[in-house]
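J.: sequence first, then the predicted structure:
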Amino acid sequence: MQQDTTSTIQQTPSPEAIQAQRPAKPQHPYQVLRMLPKDATPAQQDSAIQATFQPKPIRYSSRPDTLHIPGHEIGKSIRDVSLPKYYKETFFSKNSLLHPEIAGGRYGVAGDPVPYTVKSDDTISLLLIVSFIIATISFSRSKHFLARQAKSFFYVSHRESSISETLNEIRFQVFLVGLACLLWALLQYFYTIHYVSTTFILSSQYHLIAIYFAMNTGYFATRSLLYSIVNNVFFGRKKNLQWQKTLLFLTAIEGVLIFPAAILQSYFEVPIEHVTIYALSIVILVKLLTFYKSYTIFFHQTRLFFQIILYFCALEMVPTAAFWGALAITGNYLKINF
């Protein structure tokens, strides 16, 4: 009888299998330390890490950078460094063993730049502080004038009379109007970087704030000019002068009321949603006061309700809507679309 035999054939493993069985190269110093014995000295740990992760020389590209952000200057090479004289001349400057031309390697990693915030901006902070000080001093000297203006605002007079104002009082109100333009520009800047974009084709955030400031100044000046033309034609010079004083007072008060919102958003990081609601409340309040005062000055005796609606919408609401549309178009035009 023939007995069954079992033969064993040994197969040679493939190179891929041998490569898969090899332990993977550590990707982190922590993995290298885990492979060492627990009693390894710090010197042995350091030697193992240096043997695993060998530093390589950094080779910088010599080609120019053409992918810079539009509106910004072309970036410079990080090797083009102009050091001050006190950095070049040190205690070892005349030592024969000093060779600054030999590359000594690069230590550490490059840090991310600190993002821009208004509260860290010295220029804006100084401007707001100076404005606050001047406004406080002016308020203390013009408190009687403000009390008379507030009293006469809600007093319905049947005569064409107005409160006389001194030159300093007019300058004080004009200053508050300029402050209102600046504060509105800051709030519009906060709104733009939160809802529209954080990168623009402008080289500095000051340019965007300056554009908004110029637009606010142009809006208030254009509105006053339109009121002056219409009022002089239909109501006479005296009523137009009375209305211009009222409009100046309302705009100045608007700047005072909007000041806390700008301060809270700039330095206390109040949510922009709350600031937007507060700003819209101030706008609605001022519009209601404007509607009330235009009715008492021009249409109180005639009681023509349709005409006051037409007058208010044509000279107040339409310019305001056009101004807000211009702000939205400006923000979308200046942002960078990636």
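T.: Arrived safely.

J.: the helices in the stretch 201-338 of the chain, which residues?
T.: 205-234, 237-267, 272-298, 305-312, 318-334 (DSSP state H, counting those that start in this stretch).

J.: gap between stretch 257-267 and the chain center?
T.: Relative to the centre of its chain, stretch 257-267 is centred 14 Å away, using CA atoms, centre = their mean, to the nearest Å.

J.: could you measure from Val118 over to Ala328?
T.: Going from Val118 to Ala328 by CB to CB, to the nearest Å gives 21 Å. For the C-beta atoms, the positions are set from N, CA and C on the backbone; glycine is no exception.

J.: give me the more crowded residue out of these two.
T.: Val118 (19 against 14; other CB atoms under 10 Å).

J.: so that one sits against Leu186, correct?
T.: Yes: counting by CB atoms under 8 Å, Val118 does reach Leu186; the two are 7.1 Å apart.

J.: now Leu257: closest residue in space, sequence neighbours ignored.
T.: Leaving aside its sequence neighbours, Leu257 sits nearest to Ile282 (CB to CB, 6 or more residues apart in numbering; 5.0 Å).

J.: tally up the residues packed near the one you found, please.
T.: The number of residues packed near Ile282 is 17, by other CB under 10 Å.

J.: per-residue confidence for it?
T.: Ile282 is assigned a pLDDT of 94 by the prediction.

J.: what residues do Val118 and Leu186 have in common as contacts?
T.: Ile124, Ser266 (CB atoms under 8 Å, 6 or more residues apart in numbering).

J.: I figured Val270 hits Pro260, correct?
T.: No: Val270 lies out of contact with Pro260 (CB under 8 Å); the separation is 9.8 Å.

J.: what's the helix or strand in which Gln31 is found packed up against?
T.: Per DSSP states H and E: Gln31 is located in helix 29-35. Other helices and strands packing on helix 29-35, by 3 or more CB pairs under 8 Å, 6 or more residues apart in numbering; DSSP states H and E, are helix 42-52.

J.: now the helix it packs on: buried residues?
T.: For helix 42-52, burial by neighbour count (16 or more other CB atoms under 10 Å) applies to Ala48, Ile49.

J.: residues in contact with it?
T.: Taking CB under 8 Å, 6+ apart as the rule, helix 42-52 contacts Lys25, Pro26, Pro29, Val32, Leu33, Met35, Leu36, Ala40.

J.: could you pick out the buried ones from these?
T.: With burial judged by 16+ other CB under 10 Å, the buried subset of the contacts of helix 42-52 is Pro26, Val32.

J.: list just the nearest of the contacts of helix 42-52 to Leu304.
T.: For the contacts of helix 42-52, the closest approach to Leu304 (CB to CB) belongs to Pro29, at 84.4 Å.
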